[in-house]
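*Asks:* give me the fold of what follows.
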Amino acid sequence: MPDAFTFEATSRTAQLGDLKIHYNEAGEGETLIMLHGGGPGATGWSNFKQNLPAFASRFRVLLVDQPQFGLSDKPEAKEQFNVVAARAVRDLMDELGIQSAHLLGNSLGGGTVFRFALDYPDRADRLVQMGPGGACIPVLSPEPTEGVKILGRFLAPPCPSREKLEEFVRIMVYDQSLVTEELIDERYAVASDPAVIQGLARFLMTVMGPDEEQRRKGELWREIHRVTHPTLITWGRDDRVLPLDGALFMLHRMENARLHVFPRCGHWAQLEHAREFERLSIDFLTADA
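*Replies:* As a prediction, this is how the structure comes out:
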């Protein structure tokens, strides 16, 4: 990776009131904000570093560590996660003088993208989604899914381990050759931090805990029909975290959505089909209105 696209060269922080947000920034042009998923060790950099050069050739790209993740602050969880994360994205845009932006989300990040589009519709341009969390109801697949069960096992006693982390990462992809020792080590170095473990537990409490009002805020499928922004939905045919049949619900409810399905692909299309994912996303985001 060229020096311009290293973690150190692109790392930034912003103080947004009481909340510090970390992000990686590269490129010029229209702003594209990319939001990571919710697995152990997830950060903007870990999800999207391999895609940064392609997207930065066309956009000003911000890879944001959502609250409770990475190097961003991990405050007490008083509101539903996506509500807090969407507000943080808005505040970051205000801090950087960005009026509106395209948004791209994976899994949990997809839920934040939709929450942002619902709460701040005039600040969102086009949306790209990869298996967005909370936005669909599986028509045929059982719940909780295999991936969600493995996430629960990661946090269950005894303490999180490298073996548990590897089990989680392996379910993310169809092509097991992509699960390298380097990838496991990188994710575990983040995921084993006690503050990150606590942040992950706090996030899960707002989406799966006993507070019904908080949970309903994360049930974006109840409101998805109100998202009218041009939206590209992408999905892995072999996704074992959020199965493909959930996409059909979204297509039925959203008036301005289109769907692309990647074969031989799990929950990380941005990794397994990186070049195709980048081409489709860039074409969609730059096409004439």
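*Asks:* I'd say G41 and V196 touch.
*Replies:* Yes: counting by CB atoms under 8 Å, G41 does reach V196; the two are 7.3 Å apart. Quick note: C-beta positions are derived from backbone N, CA and C, even for glycine.
*Asks:* now name the helix or strand holding A85.
*Replies:* helix 81-96 (DSSP states H and E).
*Asks:* what mean pLDDT does that helix get?
*Replies:* Averaging pLDDT along helix 81-96 gives 97.
*Asks:* and the helices in this structure?
*Replies:* Assigned by DSSP state H, the helices in the chain fall at 7-10, 44-48, 52-56, 81-96, 108-119, 146-155, 162-172, 181-191, 194-208, 212-218, 246-253, 269-272, 274-286.
*Asks:* please name whichever of these is nearest to I137.
*Replies:* For these, the distance to I137 is smallest for helix 246-253, at 5.1 Å, taking CB to CB.
*Asks:* which neighbouring elements make contact with that closest one?
*Replies:* Identification of packing neighbours for helix 246-253 by 3 or more CB pairs under 8 Å, 6 or more residues apart in numbering; DSSP states H and E yields strand 231-236, strand 257-262.
*Asks:* pick the most buried one from the ones you listed.
*Replies:* Greatest average neighbour count among those goes to strand 231-236 (a mean of 24), per mean count of other CB atoms under 10 Å.
*Asks:* same for it, what does it pack against?
*Replies:* Taking 3+ CB pairs under 8 Å, 6+ apart as the contact cut, strand 231-236 packs with strand 124-130, helix 246-253, strand 257-262, helix 269-272, helix 274-286.
*Asks:* quick one: closest of the ones you listed to E212.
*Replies:* Among these, helix 246-253 sits nearest to E212 (CB to CB), with 21.5 Å.
*Asks:* how many degrees apart are that closest one and strand 257-262 in direction?
*Replies:* 160 degrees (axes from the mean of the first three to the mean of the last three CA atoms, to 10 degrees).
*Asks:* hmm, who's touching helix 246-253?
*Replies:* Identification of contacts with helix 246-253 by CB atoms under 8 Å, 6 or more residues apart in numbering yields 131-132, 135-139, 141, 221, 224-225, 233, 235, 257, 259, 261.
*Asks:* return the member of the residues you listed nearest to I282.
*Replies:* I233 (16.1 Å).
*Asks:* OK, contacts around that closest one?
*Replies:* 129, 132, 247, 250-251, 257-260.
*Asks:* is it bridged to anything, and to what?
*Replies:* Q129, L259 (DSSP bridges).
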